[in-house]
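*Asks:* Turn this into a structure:
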Amino acid sequence: MLLQHKGLALDTTPPLDSQKTLISSTKLFWPKQCSFTVYRHYGHNIEKDPHLSRDFLSQLWVSDWKIYKAREKRRRRLLKHGSYGGSRFSFQQSLARLFSGPTAVDEKSYGQGTPPFKQLPISQSITGFLEPASPEEFLVAPLLARSNLLITRDIEWANLVFGFEQENRYAIVDVCYPQSPVGFIREQSNVIARQLLRLRRPFVAYISDALGIEIFRVRRPFWWINSSIYAEIDGKEVGVVHRRWHLWKRVYDLYLGNKQFAVVENPGFWNWTFTLKDIDGQVLTQIDRDWRGFGFEIFTDAGQYVIRFGSSDPSIKTGLASKIEELDVIRPLSLSERAVTLALAISLDNDYFSRHGGWGIPFVDVGE
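*Replies:* Residues are numbered from 1 along each chain as shown. Take a look at the predicted model:
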């Protein structure tokens, strides 16, 4: 742009280097969470002003477009997991969104700047046995530093109606904070293996927190007589659960590394309580399989399990949480041992309580 002053013509068009600097500044300082559009007014028509660079305007438009696309991509990635945090939503609504995807209400709340997720506080102090002793235990502490965990399996409608075996999905709830889940479990397996091998299929289950961030995973290979399931944190194997054959009992050995820390000897038949005991026979933890009603138990595999790790902090035992009967244990399990215990609960659900639907190869289970 030219300015006339006392017969002198001054060129005020920003040089090319200044234009590039302005574009870089736009990328650095443009607010990422801005929910409105900024319109630039230049005071001159592009066609009538030969001194205004078209390349500068096109690069500025491309810069804004890239920022917009990055923000939209981040928003879709967050909404993909659904919105599970916050006291506004009931537990049933959270479970519905878990398996049906985000709703219009979720997208609206995110557009208004409402945080889509919320991680609930822990219900046990991270001291003593619960104090993280490794980087792996720091990762699982937000999920496993809790006194009682309620694990609920989702209804598999394709399995119920068509006999088509689906991937198992679970929601994890801290009974001290029943308003929303604190974590989720999602199986990943081959669709053909699920139909043919059914309970003996190999799979990997991903355990995530309420934010949808993976905490650790469990890996269960194909088995013939005795099953095994491995707990892995950040790619490192921390423990394993081996099922031991018995004619009628349900026996499991739990290992942390190469050292056994607990054993389960369930009498079998209609006993649905699995108690973890140490070498001296003292109680460490208990896994209870709850009765959910005649319809659930007869027609579905949507089981519910309670893992009792011990007493919670007295300061948070208010309301319904104060009426919970807590387990008296000889010592609290470490965070790594709790990850192995959660792997045991997943193995129990697949070994004994997943009997409906499917049309796979007719194996004979000699351990039942």
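
*Asks:* is E237 in a bridge, and if so with what?
*Replies:* For E237, the beta-bridge partners are E232 (DSSP bridges).

*Asks:* give me the number of residues near L256?
*Replies:* L256 has 18 neighbours, counted by other C-beta atoms under 10 Å. Where you see a C-beta, it was placed from the backbone N, CA and C, and this is true even at glycine.

*Asks:* correction: R219
*Replies:* Considering only other C-beta under 10 Å, R219 is surrounded by 16 other residues.

*Asks:* Checking K73 next. Helix, strand or coil?
*Replies:* The local conformation at K73, judged by DSSP: H, G, I helix; E, B strand; the rest coil, is helix.

*Asks:* swap that for P332, sorry
*Replies:* On the basis of three-state DSSP, P332 is classed as coil.

*Asks:* Would you map the helices across the stretch 51-200 of the chain?
*Replies:* Using DSSP state H, counting those that start in this stretch, the helices of the stretch 51-200 of the chain run over 54-79, 91-100, 104-111, 135-144, 157-162, 191-197.

*Asks:* where does the stretch 1-150 of the chain dip in pLDDT?
*Replies:* 1-62, 64-65, 68, 74-117 (pLDDT under 70).

*Asks:* Please repeat the previous calculation with a cut-off of 90.
*Replies:* For the stretch 1-150 of the chain, the stretches with pLDDT under 90 are 1-131.

*Asks:* And for the stretch 251-368 of the chain?
*Replies:* 268-271, 290-303, 310-328, 352-368.

*Asks:* And the strands in it?
*Replies:* With DSSP state E, counting those that start in this stretch as the criterion, the stretch 251-368 of the chain has strands at 259-266, 273-277, 283-290, 304-308.

*Asks:* any idea which of the ones you listed is most buried?
*Replies:* Ranked by mean neighbour count, these are led by strand 304-308 with a mean of 22 (mean count of other C-beta atoms under 10 Å).

*Asks:* got the contact list for R289?
*Replies:* Going by C-beta atoms under 8 Å, 6 or more residues apart in numbering, R289 touches W272, T273, F274, G303, Q304, Y305, L348, F353.

*Asks:* What are the buried residues along stretch 242-253?
*Replies:* The neighbour-count check on stretch 242-253 (16 or more other C-beta atoms under 10 Å) flags H242, R243, R250, V251, Y252 as buried.

*Asks:* Looking at those, which is nearest N190?
*Replies:* R243 (22.0 Å; C-beta to C-beta).

*Asks:* That closest one pairs with what?
*Replies:* Those that pair with R243 in a beta bridge, by DSSP bridges, are Y252.
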